[in-house]
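A.B. asks: Dropping the sequence and predicted coords here.
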Amino acid sequence: MERLQSQVEALGAGDLAARVQVQGNDEVAELAASFNRAAGRIERLVGAHRALLVSVSHELRTPLSRLRMALALLEQEDRPDLKVQVERNIAELDELIGELLLASRLDAIAGLEHTDDVDLLALLAEEASRTGAEVAGDPVTIRGDPRLVRRLVRNLLENARRHAPGAPAEAVIHARPGGGAVLRVADRGAGVPESERERIFEPFYRLRVFGRPEGGTGLGLALVRQIARHHGGDARCLPRDGGGTAFEVHLPGVSIPSSPPRTTASWPRSS
């Protein structure tokens, strides 16, 4: 008990590697094993947050450096092209900060702060008008957070447009017999290697395309999975027949089917 107390105090003082040697099979040994498991989880969690802070500082530094250089050149001459670059970098920073705040809020809450009926097909149609995606599926309504579900859909469609700008993404919603729905967004891009289909859901992890990291903030797909799991579902990356990538998001919950039973439509890219 004294050894356990000393390690608890060490952990509280900041020694995240503190562990207790487990001896015997009595209640004290079980308590020591529980402490070690809890300490291990705390160490992994703090390590993940430290890695996130390092990634955040790096991601913020890049557009800030470009802004400083562009502003220095703007002081010397009138450059409309540099003004466009400044606006683009400001928009990139705004997007990154917004996604960081959302990711932090989702980490801090266990469930959903707000729920309402969400018409998935209608929401998908609205977001598809921004990217020119082709939409089909079952008109299904689920219970969820409308703002989070919209962010999930938008991130998937934007990801598909970024990877295959020459071909429209295909987005389909299937009603599940037991309730809920499955959203599938597929593109005709270069595809994702099997070894990286889980890693792309990690914050700030970006595939290397032609030896260079792809665009985006590196948080879009991480948010997709976070939002899906907050709704009791999950997201996964799959290969697509004929080339490309498909993302499937399972959203369980009470489904409210509408009529007609099935619709198919395509929305042109908005100007």
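C.D. replies: Cool, the structure landed. Because the structure is predicted, anything quoted here is derived from the model rather than measured. Numbers count the residues shown, from 1 in each chain.
A.B. asks: Give me the residues contacting stretch 193-200.
C.D. replies: 192, 205-207, 221, 236-239 (CB atoms under 8 Å, 6 or more residues apart in numbering). C-beta here means a position set from N, CA and C on the backbone, and glycine is covered the same way.
A.B. asks: Adding secondary structure, distance to D94 and neighbour count as columns, could you present the residues you listed in CSV?
C.D. replies: Shown next, in CSV, are these (DSSP: H, G, I helix; E, B strand; the rest coil; distance: CB to CB, whole Å; neighbours: other CB atoms under 10 Å):
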residue, secondary structure, distance to D94, neighbour count
V192, coil, 27, 21
Y205, coil, 22, 16
R206, coil, 19, 18
L207, coil, 24, 18
L221, helix, 19, 22
R236, strand, 29, 14
C237, strand, 27, 20
L238, strand, 32, 13
P239, strand, 34, 14
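A.B. asks: would you list those residues in TSV and tack on distance to R66 and pLDDT?
C.D. replies: TSV is the format used below for the contacts of stretch 193-200 (distance: CB to CB, whole Å; pLDDT from 0 to 100):
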residue	distance to R66	pLDDT
V192	28	89
Y205	22	77
R206	18	71
L207	22	71
L221	24	92
R236	35	95
C237	30	95
L238	35	93
P239	35	89
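A.B. asks: so which strand or helix has F247?
C.D. replies: Following DSSP states H and E, one finds F247 within strand 245-251.
A.B. asks: what pLDDT, on average, does that strand get?
C.D. replies: On average, the pLDDT along strand 245-251 is 94.
A.B. asks: Show residues contacting that strand.
C.D. replies: With CB under 8 Å, 6+ apart as the criterion, strand 245-251 contacts 120, 142, 144, 149, 152, 156, 159-160, 163, 176, 180-187, 189, 191-192, 221, 224, 228, 231-240.
A.B. asks: what do you get if the cut-off is 6 Å, keeping everything else the same?
C.D. replies: Under the criterion CB atoms under 6 Å, 6 or more residues apart in numbering, residues 142, 156, 180-187, 191-192, 228, 231, 233-238, 240 lie in contact with strand 245-251.
A.B. asks: Between the contacts of stretch 193-200, which sits nearest T62?
C.D. replies: Nearest to T62, judged by CB to CB, of these is R206 at 12.4 Å.
A.B. asks: May I ask you to confirm that that closest one is in contact with G218?
C.D. replies: Yes. If you go by CB atoms under 6 Å, R206 and G218 touch, sitting 4.7 Å apart.
A.B. asks: Double-check that P165 belongs to a strand.
C.D. replies: No. Counting by DSSP: H, G, I helix; E, B strand; the rest coil, P165 is not part of a strand but coil.
A.B. asks: Just the pLDDT for it.
C.D. replies: pLDDT, P165: 81.
A.B. asks: And for V140?
C.D. replies: For V140, the model assigns a pLDDT of 90.
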